[in-house]
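Student: 3D, please:
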Amino acid sequence: DLQVTTPDLFTTSFHSHEAISLLSISEAGVFISSSSIKIRNEMHTILSQSVSHLNPEDEIFASSISVMVIRRRSFRRGMDFDSFEDDESTKSPSNGHGFTRWPTSKIVSYGDYRADEEALGPSYFDNKKLYEYQASLPKLPVPSLEQSIQKLIESSIPLAKNENEKKSFLRAVRDPKLKLLHQKLVEKKDSCTNTSWLSLWWNQMCYLKYRDPLKIFVSYFFTLDDDHSIDPVDPSAGVKRAASIITAISKFRKKVCSGDLPQEMIRNKPLCSAAYKYMFNACRIPESPMDSYTIYDPSLYSHCIIAHKGFFFEMDFVDKRTHDPLPIHVLEESIRKCIDIATEASENKDRNILKLGMFTSLNRDDWAEIRDGLLKDVKEDLEVLQSGAMLICIDDDSPSSRKECAELFWHGGKDFGMNRWFDKSLQFICTTNGKAGLIGEHSMMDGMPTFNLCRFIHNSTYKDYLHEQKSFSEDTAVPVRILFDRTSVDFLNFGQLKINNYINAYYNLVNGYDVAADDYKGYGSHQIKALSYSPDAFVQQAIQLASIKAFGRSIATYESTQVRSFLHGRTETTRSVSQSSINFSRAMISSDRKKFATEIIGRLKKATVDHTNYSRSASKGLGCDRLFFGLEVVAADNDDRICLFESDVYKRSKKW
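Tutor: Reported below is the predicted structural model:
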């Protein structure tokens, strides 16, 4: 029921009717997003009161910022992009662009990182900075069963509703069958060469087999900071922002696809680069009962996809020989051409072009059925869209508030959801007033690689690119082509009535969820650190207190922790609920709170230390959630009935 994220990382998509998202903590403040007005108010009150309790003599100054917005100065993890600007040392090798030609034009993936790498061949990874340390990455460990059970107990017992539930759960965790399952999991790990014991299960069961819509339930979004070199009242602001973003993406794409991008490091430890293969020229494909994911050889494709008013266009954005970006004025002209064609098509009632983007937000089986019906008529256009480097959505909207931006970038709202293709690995949204955001398809790639792309985008502005000198011949032409222009209702074999049902399902999905934003400006990470607390752990305790004050009980809370220091590692769960967090929250709501202020501060210190220790353990692959996920898979494969997996407390501890 609660949704949280690691500071300065990204929001993990777990949604329910009462969701709170701690999006970031910076020196300027804490940014909170929640669908519950009650819990937002509680959080604001808690954060406001806590400094007065802890350090009342300090006068706090903070400027207003939206921490939801990605800001260049707030990125302190990963790569230093200032250290490798576009100088001659990073230019392509002798073949013109440095892209290694794949053995095949595309790879159809079913979630197996190792199989996809084998399809590329070992030479693909040779002499590339991006994969410099890939071969030396350790394999993801299988945590100790006893230590994992202890973590599970400590984070689950506070969620028990009565003594009977508690006793039943404690009996279940001592089931001797768990040891046998754990041994099989260890054997599974030992048999996995050049991959993780978890990755294939995780990619398939948690993503590719997941049947609910990608929109809302799977995809994540970022809101990008404004480009202050673009005037938001300029009628061309959206076009300029799109051209600027395309230019930045093309530069980053060239670094990724040539392998010139340095491998990410955290505390001198390399991070797995496997996800970068799925960033560009990639698309999820709806199939039943499990989707696939197609990645295309970037050396063969120089086009991106532009969307406007629900129409999709093929547009070249880089030089076919060097894969350097086309001049920004050429990109602007091409984008305007797409807008003009889309405007004309939308006003021409005789054309009756079916806007297919809406269908990508449906249940995966429904979308798979629709797509199968389209293949005989628009297979070529589907292939063009899928193979595009990325999708740029131009929306005729001018959002101003954080809520308006969040709704637009999360799912497109009621008006612009048809102007999306949620299967694409990357979608950038640009609005009439120059606002911009990103939607990431989650199945093969988590948020940190796209986070690094966004950081790169913020290193330069439209004005910077406008001043770049490019040598292109005067007759350089960039054609654009509308896709699916022959697609009408008649092409589908289930008629207008079923289409109307799908449209209603789309609107019901959007109407069923809300998002709101609260920007707490009292203090941020600098002040919290000055009080000797971890900013993340500090605010996690505020979330626990808010849940108790809002709902009268603790609720399982998920914080995503990356484990990319392991080969093919993705994430582990940091569980925020603990007995120490409960003890702190109970003390805070006690009528004698002021009388026991010193004890309360001691409980807060204990709770934050426990949370930090859990987070560090999770980052080493030693949390408990991925282990028990693996045990459930092994049990299902062997038709073993395990009492723990049927326990109400166990299930409640996994409902975030």
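
Student: from here on, contacts and neighbour counts on C-alpha atoms
Tutor: Noted.

Student: What segments of the stretch 251-400 of the chain are strands?
Tutor: Along the stretch 251-400 of the chain, counting by DSSP state E, counting those that start in this stretch, strands occupy 265-266, 269-270, 282-285, 292-296, 303-308, 311-316, 391-395.

Student: what's the burial count for the residue lying closest to S460 once chain neighbours are set aside?
Tutor: Take S460 and drop its neighbours on the chain: the residue closest to it by C-alpha to C-alpha, 6 or more residues apart in numbering is A248, 7.6 Å away. Using other C-alpha atoms under 10 Å, A248 has 22 neighbouring residues.

Student: do E154 as well
Tutor: Applying other C-alpha under 10 Å, I find that E154 has 16 neighbouring residues.

Student: so who does the residue nearest to S460 touch?
Tutor: F456, I457, S460 (C-alpha atoms under 8 Å, 6 or more residues apart in numbering).

Student: list the contacts for the second one?
Tutor: Counting by C-alpha under 8 Å, 6+ apart, I457 touches I245, A248, I249.

Student: if I look at R351, how far off is S591?
Tutor: 69 Å (C-alpha to C-alpha, to the nearest Å).

Student: Please say which of these two ends up with more neighbours.
Tutor: Set R351 next to S591 and count neighbours by other C-alpha under 10 Å: R351 wins out with 13 against 10.

Student: pretty sure the more buried one is touching A345, no?
Tutor: Yes - when contacts are counted by C-alpha atoms under 8 Å, R351 is listed as touching A345 (7.1 Å).

Student: which residues do those two both contact?
Tutor: Contacts common to R351 and A345, judged by C-alpha under 8 Å, 6+ apart, are absent.

Student: coming back round to it: and the contacts of I457 as TSV, adding distance to F416?
Tutor: Below are the contacts of I457 laid out as TSV (distance: C-alpha to C-alpha, whole Å):
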residue	distance to F416
I245	20
A248	25
I249	23
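
Student: State the number of residues packed around G602.
Tutor: 11.

Student: Tell me which helix or strand comes right after the helix or strand hosting it.
Tutor: Taking DSSP states H and E as the definition, one finds G602 inside helix 597-619. Next along the chain after helix 597-619, taking DSSP H and E as the criterion, comes helix 625-637.

Student: helices or strands next to that following helix in the packing?
Tutor: Under the contact definition 3 or more C-alpha pairs under 8 Å, 6 or more residues apart in numbering; DSSP states H and E, helix 625-637 sits against helix 177-191, strand 571-575.

Student: at 10 Å instead, please
Tutor: Where contact means 3 or more C-alpha pairs under 10 Å, 6 or more residues apart in numbering; DSSP states H and E, helix 625-637 is packed against helix 145-156, helix 177-191, helix 199-203, strand 571-575, helix 643-646.

Student: For F484, which of those is the nearest?
Tutor: Taking C-alpha to C-alpha, helix 199-203 is the member of those nearest to F484, at 30.8 Å.

Student: Show me what that closest one is in contact with.
Tutor: 110-114, 140, 205-210, 442-445, 567-571, 626, 629-630, 633 (C-alpha atoms under 10 Å, 6 or more residues apart in numbering).

Student: again, only this time at 8 Å
Tutor: Identification of contacts with helix 199-203 by C-alpha under 8 Å, 6+ apart yields G111, D112, Y113, S443, M444, H568, G569, R570.

Student: quick one, what contacts the last one?
Tutor: Meaning R570. Going by C-alpha under 8 Å, 6+ apart, R570 touches S199, D446, Q562, V563, R564.

Student: go on, the third one?
Tutor: Listed by C-alpha under 8 Å, 6+ apart, the contact set of Y113 reads T195, S199, L200, A274, H568.

Student: Serialize the residues you listed to a markdown table and add fields for distance to Y513, pLDDT and neighbour count.
Tutor: Below are the contacts of Y113 laid out as a markdown table (distance: C-alpha to C-alpha, whole Å; pLDDT from 0 to 100; neighbours: other C-alpha atoms under 10 Å):
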| residue | distance to Y513 | pLDDT | neighbour count |
| --- | --- | --- | --- |
| T195 | 38 | 96 | 22 |
| S199 | 30 | 97 | 20 |
| L200 | 31 | 97 | 17 |
| A274 | 33 | 97 | 22 |
| H568 | 33 | 98 | 28 |
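
Student: Count the residues that sit near the nearest residue to L604 once chain neighbours are set aside.
Tutor: Using C-alpha to C-alpha, 6+ apart and skipping residues adjacent in sequence, the residue nearest L604 is F584, 5.6 Å away. As a burial measure, F584 scores 25 neighbours (other C-alpha under 10 Å).

Student: And the helix or strand harbouring F584, how far out from the chain middle?
Tutor: Assigned by DSSP H and E, F584 belongs to helix 579-588. In terms of C-alpha atoms, centre = their mean, to the nearest Å, the centre of helix 579-588 is found 31 Å from the chain centre.

Student: Of all the residues in stretch 251-271, which ones are buried?
Tutor: For stretch 251-271, the neighbour count (16 or more other C-alpha atoms under 10 Å) marks 251-265, 270-271 as buried.

Student: close enough to count as contact, S615 and T561?
Tutor: Yes - under the criterion of C-alpha under 8 Å, S615 makes contact with T561 at 7.0 Å.

Student: Can you check which residues contact both of these two?
Tutor: Common neighbours of S615 and T561 (C-alpha under 8 Å, 6+ apart) are T574.

Student: In a markdown table: the contacts of I457, plus pLDDT.
Tutor: Formatted as a markdown table, those follow (pLDDT from 0 to 100):
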| residue | pLDDT |
| --- | --- |
| I245 | 98 |
| A248 | 98 |
| I249 | 98 |
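
Student: Tell me which of the residues you listed fall in strands.
Tutor: With strands defined by DSSP state E, no entry of those lies inside them.

Student: Out of those, the closest to W102 would be?
Tutor: Looking across the contacts of I457 and measuring by C-alpha to C-alpha, the closest to W102 is I249, at 21.3 Å.

Student: so what's the closest one closest to, chain neighbours aside?
Tutor: In space, I249 is closest to I457, 6.9 Å off (C-alpha to C-alpha, 6+ apart).

Student: May I have the phi/psi pair for the one you found?
Tutor: When read as degrees, to the nearest 10, the backbone of I457 gives phi -60, psi -40.

Student: Distance check, it against E187.
Tutor: I457 sits 44 Å away from E187, taking C-alpha to C-alpha as the criterion.

Student: Distance of G412 relative to N164?
Tutor: 46 Å.

Student: Ok, A237 next?
Tutor: Here the criterion is C-alpha to C-alpha. By it, A237 lies 62 Å from N164.

Student: ok, now S578?
Tutor: 20 Å.

Student: Looking at those two, which one has more neighbours?
Tutor: Each of S578 and N164 has its neighbours counted (other C-alpha under 10 Å); S578 has more, 26 against 10.

Student: and the closest residue to that one other than its chain neighbours, how many neighbours does it have?
Tutor: Distances taken as C-alpha to C-alpha, 6+ apart place S155 nearest to S578, at 4.8 Å, with adjacent residues excluded. Number of residues near S155 (other C-alpha under 10 Å) recorded here: 23.

Student: surely S155 meets K654?
Tutor: No - using C-alpha under 8 Å, S155 is not in contact with K654, being 10.2 Å away.

Student: could you measure the residue lying closest to S565 once chain neighbours are set aside against L426, distance?
Tutor: With sequence-adjacent residues excluded and distances taken as C-alpha to C-alpha, 6+ apart, S565 is closest to L271, at 4.5 Å. Separation of L271 from L426 (C-alpha to C-alpha): 21 Å.
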